[in-house]
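Peer 1: predicted coordinates and the sequence they were generated for:
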Amino acid sequence: MVRLPMLALVALIPSAFAGEIPVERRPVEDYKAVVATVEPGRLLTARARIGGIVEQLKIKEGQTVAAGAEIALIGDQKLQLQVRGLDQRIKSQQAQRDQARADAERYQELVRRGAGTQTQADQSRTALDVAERVLSALNADRDVLLQQMSEGGVLAPGKGRIITVPVVEGQVVMPGETVATIAVDGMILRLQLPERHARFLRAGDTVTIAGRGETDSNATQKGTVRIVYPDVQGGRVIADVDVAGLADYFIGERTRVLVPTGQRPAIFIPKAALSVRAGVWFARLKNGTEVAVQPGETRGINIEILSGLNAGDVVVTP
């Protein structure tokens, strides 16, 4: 028997609790027990920005990382070789630049003395300008390679918990390949409701969650509906629920949740007004007769009567 949370018990308990209890059919909130799974609020992916070999892996599953923390290092030996080659070309170009500067200064001095022509001086200044621009381009190419090498560090896209690490040290990865998945924004409960019940659920509603590992629904932990997705999949509607204390849960772990599904008329009387003999529940009426009743769910000290009593009857307590 599913036990539901205590709601508006004052409205369910008749005023004459001790002695005579008038039987009334009142509207009560109806609940449905569904199974929800623990899911991350958001799941981010840390990807490799360059191709190469995973030289260092600084994380493992279940670990908590900060936003921007370096979680892996990818190295590419080709980039290092290209940087060395550019260093040699830069040194050669620096020598050519120095020679062009010396030629330009010498021709300028000859022009000043009247021993050289202005054309030769202009040509030397042009050669110096070309040499300096080529050197600047080589330095820019080297900066690009250094930037690519620095991008070998894989950074965490957000603060959260490492869920999966699909690579190992020494593995070859390509640009854009997944290095780790990180759960951010904490954990939520994701439940699926039949579409006939989902219309009663709204963002901000409160639901009741069973404790971790409990098989029944007799729990008082509360959660708040974050969002009800406006999409029906296979006759079910998906909703996310915020619950405190889910940080240590496993992804995909399941628990029972009670969600409101509208109101229905029901008869509730205090459980103390019933007696049990030979497995049969009895209620004593005011006229002295005893009737067999069929009990239903329990809400606090009250119990629902499915059959045996009618509105207008008066039950007396033992």
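Peer 2: Perfect, I can see it now.

Peer 1: which SSE is residue 78 in?
Peer 2: For residue 78, the element it lies in under DSSP states H and E is helix 77-113.

Peer 1: how far away from the center of its chain is the biggest strand by length in the chain?
Peer 2: Longest strand of the chain, by residue count under DSSP state E: strand 25-47. Once both centres are worked out by CA atoms, centre = their mean, to the nearest Å, strand 25-47 turns out to sit 14 Å from its chain's centre.

Peer 1: only the buried residues of that strand, if you could.
Peer 2: 28-29, 31-32, 34, 36-40, 44, 46 (16 or more other CB atoms under 10 Å). No exception for glycine: its C-beta is placed from N, CA and C like everyone else's.

Peer 1: and stretch 252-265, by the same measure?
Peer 2: So, applying 16+ other CB under 10 Å, buried residues of stretch 252-265: 253, 255-261.

Peer 1: make a markdown table from these and add pLDDT, distance to residue 299 and secondary structure to it.
Peer 2: Output for these, formatted as a markdown table (pLDDT from 0 to 100; distance: CB to CB, whole Å; DSSP: H, G, I helix; E, B strand; the rest coil):
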| residue | pLDDT | distance to residue 299 | secondary structure |
| --- | --- | --- | --- |
| 253 | 87 | 28 | coil |
| 255 | 85 | 21 | strand |
| 256 | 86 | 17 | strand |
| 257 | 86 | 17 | strand |
| 258 | 84 | 12 | strand |
| 259 | 84 | 16 | strand |
| 260 | 81 | 13 | strand |
| 261 | 79 | 15 | strand |
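
Peer 1: what's the closest of those residues to residue 72?
Peer 2: residue 253 (27.5 Å; CB to CB).

Peer 1: show me what residue 33 is bridged to.
Peer 2: For residue 33, the beta-bridge partners under DSSP bridges are residue 258.

Peer 1: beyond the helix holding residue 78, next helix or strand please.
Peer 2: Counting by DSSP H and E, what follows helix 77-113 is helix 118-150.

Peer 1: hang on, the earlier thing: could you export the longest strand of the chain as PDB, CA atoms only?
Peer 2: In PDB, the C-alpha atoms belonging to strand 25-47 read as follows (Å, rounded to 0.1, in the frame of the first residue of the first chain):
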ATOM      1  CA  ARG A  25     -16.900  12.700   1.200                       C
ATOM      2  CA  ARG A  26     -14.400  15.500   0.700                       C
ATOM      3  CA  PRO A  27     -12.100  16.500  -2.200                       C
ATOM      4  CA  VAL A  28      -8.500  15.500  -1.500                       C
ATOM      5  CA  GLU A  29      -5.300  15.900  -3.400                       C
ATOM      6  CA  ASP A  30      -4.500  12.700  -5.400                       C
ATOM      7  CA  TYR A  31      -0.900  11.600  -5.900                       C
ATOM      8  CA  LYS A  32       0.800   9.300  -8.300                       C
ATOM      9  CA  ALA A  33       4.100   7.400  -7.600                       C
ATOM     10  CA  VAL A  34       6.500   7.600 -10.400                       C
ATOM     11  CA  VAL A  35      10.200   6.600 -10.800                       C
ATOM     12  CA  ALA A  36      12.700   9.400 -11.300                       C
ATOM     13  CA  THR A  37      16.300   9.200 -12.300                       C
ATOM     14  CA  VAL A  38      19.200  11.400 -11.100                       C
ATOM     15  CA  GLU A  39      20.600  13.400 -13.900                       C
ATOM     16  CA  PRO A  40      23.100  16.300 -14.100                       C
ATOM     17  CA  GLY A  41      21.500  19.800 -14.400                       C
ATOM     18  CA  ARG A  42      23.800  20.400 -17.400                       C
ATOM     19  CA  LEU A  43      26.300  18.100 -19.000                       C
ATOM     20  CA  LEU A  44      29.300  19.900 -20.600                       C
ATOM     21  CA  THR A  45      32.000  18.400 -22.800                       C
ATOM     22  CA  ALA A  46      35.700  19.200 -22.500                       C
ATOM     23  CA  ARG A  47      37.200  18.700 -26.000                       C
END
